[in-house]
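Visitor: Give me a model of this one.
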Amino acid sequence: MRTVITGGAGFIGSHLCDRLLAMGHEVVAIDNLITGSVDNIAHLASNPRFTFIRHDVTQYILVDGPVDWILHFASPASPRDYLEFPIQTLKVGSLGTHNALGLAKAKKAAFLLASTSEVYGDPLQHPQSESYWGNVNPVGPRGVYDEAKRFAEAIVMAYHRVHKLDTKIARIFNCFGPRMRLDDGRALPNFFAQTFRGEDLTVYGDGSQTRSFCFVSDLVEGLLRLLQSGYHEPVNLGNDEEIPLLQMAREVLEVTGSKVKLVYHPLPQDDPKVRRPDLTLARRILGWSPTVSRMEGLRKTYEYYKSVAARPPGRDSAGGAK
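Guide: Sure thing, here's the model as predicted:
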């Protein structure tokens, strides 16, 4: 098997590289490093079955030889990143997805789109099932990511219906674990980063807004099961244990042993108040449920962040060379 992973130097993409190589695949990782880091895949450089191509997938994608699977994970994925790179985010969701699908069509490869729970926007249905169409502000600051992914889903289904391409769509809910950048800007890495700097933890609003956090190894397992299934409509993947962000902040303090305080700031515009996947479909068609407890995942993530913090000067908080 030979697999192409766009965004292969990113957080989830690099874990997919590891898992597929362990399964015996040849892996071609493509990334322009706008938010990814070569440090995430440096340990694979000597593997003869691994190839890294630095490339922007909004430009034509050329991969020589046969390809069996294409996993499209290229995109800024945190609010900080897609607010800094709004046009790039829209382009990778549209042009990048189109180019990746073109490669899949040319190679007759199976295709998996990394979509997101953000297609549901600030949801009026709770928990969110795949049949829910969402509540998205298309012209708000978060719309560049939400609408890019909604368009990506639409073009993936069009290629499936018109060209009979074997496509899958994973709607990924909050995921965490090693290799998530400390400067990612999302709540969990931000909490860890603030404890390392000895700063008070920033909680937005009153902290009652909820999220459900899935450890990355559980997500990777779900993605691979979806890829090997015969199902083509969107599938939620995440953890359905929902907690307030205030509780998550307190759990980070418990794991790190930090004595800093909590401080409260206004909620960002269009920030979802609730977020929990309905996993009925994933359990039924994939036989999949998350298995790693949140506290176990937090401890593993903390150990990773401590190793990043201990790296020699000259590296940034993402682990990339300055």
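
Visitor: Not counting sequence-adjacent ones, nearest residue to the residue located most distally from the centre of the chain?
Guide: Within the chain, the residue lying farthest from the chain centre (C-alpha atoms, centre = their mean) is residue 259, at 30.3 Å. Excluding the flanking residues, the one nearest residue 259 by C-beta to C-beta, 6 or more residues apart in numbering is residue 253, at 7.9 Å. C-beta: built from backbone N, CA, C; applies to glycine.

Visitor: contacting residues around that neighbour?
Guide: Neighbouring residues of residue 253 by C-beta atoms under 8 Å, 6 or more residues apart in numbering: 195, 201, 259-260.

Visitor: Switch these over to CSV; also include pLDDT.
Guide: Listed next are the contacts of residue 253 as CSV, based on pLDDT from 0 to 100:
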residue, pLDDT
195, 94
201, 94
259, 92
260, 92
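
Visitor: Which ones among those lie within strands?
Guide: residue 201 (DSSP state E).

Visitor: any idea which of the contacts of residue 253 is the one closest to residue 234?
Guide: Relative to residue 234, the closest of the contacts of residue 253 is residue 201; by C-beta to C-beta it sits at 33.9 Å.

Visitor: how many neighbours does that closest one have?
Guide: Residues lying near residue 201 (other C-beta atoms under 10 Å) number 24.

Visitor: how deep is the residue lying closest to residue 23 once chain neighbours are set aside tucked in, by neighbour count?
Guide: Counting by C-beta to C-beta, 6+ apart, residue 23 lies nearest to residue 1, which is 7.6 Å off, once chain neighbours are set aside. By other C-beta under 10 Å, 12 other residues sit near residue 1.

Visitor: can you pull the contacts of residue 1?
Guide: 20, 23-26, 68-69.

Visitor: What pLDDT is listed against it?
Guide: Note for residue 1: predicted pLDDT of 96.

Visitor: For the residue farthest from the centre of the chain, grab phi and psi.
Guide: Phi and psi for residue 259, reported as degrees, to the nearest 10, are phi -110, psi 10.
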